[in-house]
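Novice: Structure, please.
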Amino acid sequence: MDAQRTLRRQISCAGIGLHSGKKVTLLLKPAPAEFGIRFRRTDLGDHEVPATVSHLAGFQLATGLARNEVSVETVEHLLAALVSMSVDNVLIELNSPEVPIMDGSAAPFIYLIQEAGLKALGVPRKYLKIVRPIAMSRGDKRIALYPSDHFKVTYSISYDHPLLRHQSRTIRITEESFIEEVAPARTFTFLKDVEMLRQNGLALGGSLENAIVLGETGVLNNALRFEDEFVRHKILDAVGDLALVGRPVIGHLVAHRAGHALHTEFAAKILEEAASWRLVEAGVDGVPLTSAVPVKAAARLA
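Specialist: Below you'll find the model as predicted:
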């Protein structure tokens, strides 16, 4: 049986919110089977917000959730790390409105999950397997899901910038590939947009330590971690946003110039088009154990 998983023990970190600039302490706690991924705002009386499309609240430059006027912002990097490490059930406590940006990637969250360890629960994991294509477009932005035996992402981006004209990459998302090829990719912005963002109360916690900043002729801060780090980060964002469907997906996600708004709108559309998918268990209904525990993870499972 491919069982649902949670963390073996709780673990915490501290940082600042990318857009709010506020200090925040984040605590990841084990949770029982079928609990899902939930955020709890401890500064607002322990109100919980499930990480599902029904609680979407904002997606201009990051993905936000809200329930009963309690909000949580910039959740996508943490969600991407959790689902890619096959963490189905976890309670995320934070004492501020925004998940800490850390270094602008998902790598610090991967480290936290690895340090906490994984624990198998006695309930089978169900996957949302795509059986018919689902597609959506908004102008020159496109996104679609096609049937596949695995979860993989093909993403392409285009910008009017000398360093960032066009990038495209396809990655089959597994624990190993996410850790090595996607998680370290950092969020990015353009120097010409930074002042405008701050005038609008955004990117107040942004710095050269937690984002790639592009000037007119090149990167202003650290060297790139990958030659195509920009499109890899878009894949990271897409994985995190798609987590809001509430189940791990088996299908091929193809996106062109999409962003958080289209990712999250598409996540809602997936659930609406119930004839285009079915819930399956790995090893059942002819579905291979594509998400079986990798060797490095197996030692950490109970």
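Novice: quick one: low-confidence parts of the stretch 151-300 of the chain?
Specialist: Low-confidence regions of the stretch 151-300 of the chain, defined by pLDDT under 70, span residues 195, 197-206, 208, 222, 283-300.
Novice: Walking through it, point out its helices one by one.
Specialist: If DSSP state H, counting those that start in this stretch is used as the criterion, the helices of the stretch 151-300 of the chain fall at 175-177, 191-199, 229-242, 260-272, 295-298.
Novice: by contact count, what packs against the first one?
Specialist: Meaning helix 175-177. Using 3 or more C-beta pairs under 8 Å, 6 or more residues apart in numbering; DSSP states H and E as the contact definition, the elements that helix 175-177 packs against are helix 295-298. The C-beta positions use only the backbone N, C-alpha and C, and glycine is treated the same way.
Novice: if you set the cut-off to 10 Å instead, what comes out?
Specialist: Here helix 175-177 touches helix 76-84, helix 295-298, going by 3 or more C-beta pairs under 10 Å, 6 or more residues apart in numbering; DSSP states H and E.
Novice: what's the most buried one of the helices of the stretch 151-300 of the chain?
Specialist: Across those, the average number of neighbours (mean count of other C-beta atoms under 10 Å) peaks for helix 229-242, which reaches a mean of 26.
Novice: for it, packing partners?
Specialist: Under the contact definition 3+ C-beta pairs under 10 Å, 6+ apart, helix 229-242 sits against helix 76-84, strand 141-146, strand 152-158, strand 166-172, strand 188-190, strand 212-214, strand 252-256, helix 260-272.
Novice: of all these, which gets the most neighbours per residue?
Specialist: Once neighbours are counted as mean count of other C-beta under 10 Å, the most buried of those proves to be helix 76-84, having a mean of 27.
Novice: got TSV for the helices of the stretch 151-300 of the chain, with distance to V83 too?
Specialist: Conversion of the helices of the stretch 151-300 of the chain to TSV gives the following (distance: least, C-beta to C-beta, whole Å):
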stretch	distance to V83
helix 175-177	10
helix 191-199	28
helix 229-242	7
helix 260-272	12
helix 295-298	14
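Novice: can you redo the helices and strands packed on helix 229-242 as a markdown table with distance to Q10?
Specialist: Formatted as a markdown table, the entries for the helices and strands packed on helix 229-242 read as follows, by distance: least, C-beta to C-beta, whole Å:
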| stretch | distance to Q10 |
| --- | --- |
| helix 76-84 | 14 |
| strand 141-146 | 34 |
| strand 152-158 | 30 |
| strand 166-172 | 30 |
| strand 188-190 | 32 |
| strand 212-214 | 32 |
| strand 252-256 | 31 |
| helix 260-272 | 28 |
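Novice: of all the ones you listed, which lies closest to V90?
Specialist: Closest approach to V90 among the helices and strands packed on helix 229-242 is made by helix 76-84 (6.3 Å; C-beta to C-beta).
Novice: which residues does E93 contact?
Specialist: For E93, the residues meeting the contact criterion (C-beta atoms under 10 Å, 6 or more residues apart in numbering) are 10, 12, 25-29, 38-43, 46, 48.
Novice: Ok, which of the helices of the stretch 151-300 of the chain comes nearest M136?
Specialist: Checking these against M136 by C-beta to C-beta gives helix 260-272 as the closest, at 5.1 Å.
Novice: other SSEs contacting the closest one?
Specialist: Counting contacts by 3+ C-beta pairs under 10 Å, 6+ apart, helix 260-272 packs against strand 56-58, strand 64-67, helix 76-84, strand 126-130, strand 134-138, strand 141-146, helix 229-242, strand 252-256.
Novice: Between those, which one is closest to D2.
Specialist: Between D2 and those, the shortest separation by C-beta to C-beta is 8.6 Å, and it involves strand 126-130.
Novice: Touching, V280 and Y127? I think so.
Specialist: Yes - judged on C-beta atoms under 10 Å, V280 makes contact with Y127 at a distance of 5.4 Å.
Novice: More neighbours: the two, which one.
Specialist: Ranked by neighbour count (other C-beta atoms under 10 Å), V280 and Y127 place Y127 first, with 24 against 18.
Novice: Quick check, the more buried one in contact with L279.
Specialist: Yes - look at Y127 against L279 with C-beta under 10 Å: they come within range, at 7.0 Å.
Novice: Where do the domain boundaries of this protein fall?
Specialist: Using automatic domain parsing, the domain parsing of the chain gives 3-125, 127-281.
Novice: Can you give the distance of the longest one from its chain's centre?
Specialist: Here domain 127-281 is found 9 Å from its chain centre; the criterion is C-alpha atoms, centre = their mean, to the nearest Å.
Novice: again with the first one
Specialist: Chain-centre distance of domain 3-125: 10 Å, with C-alpha atoms, centre = their mean.
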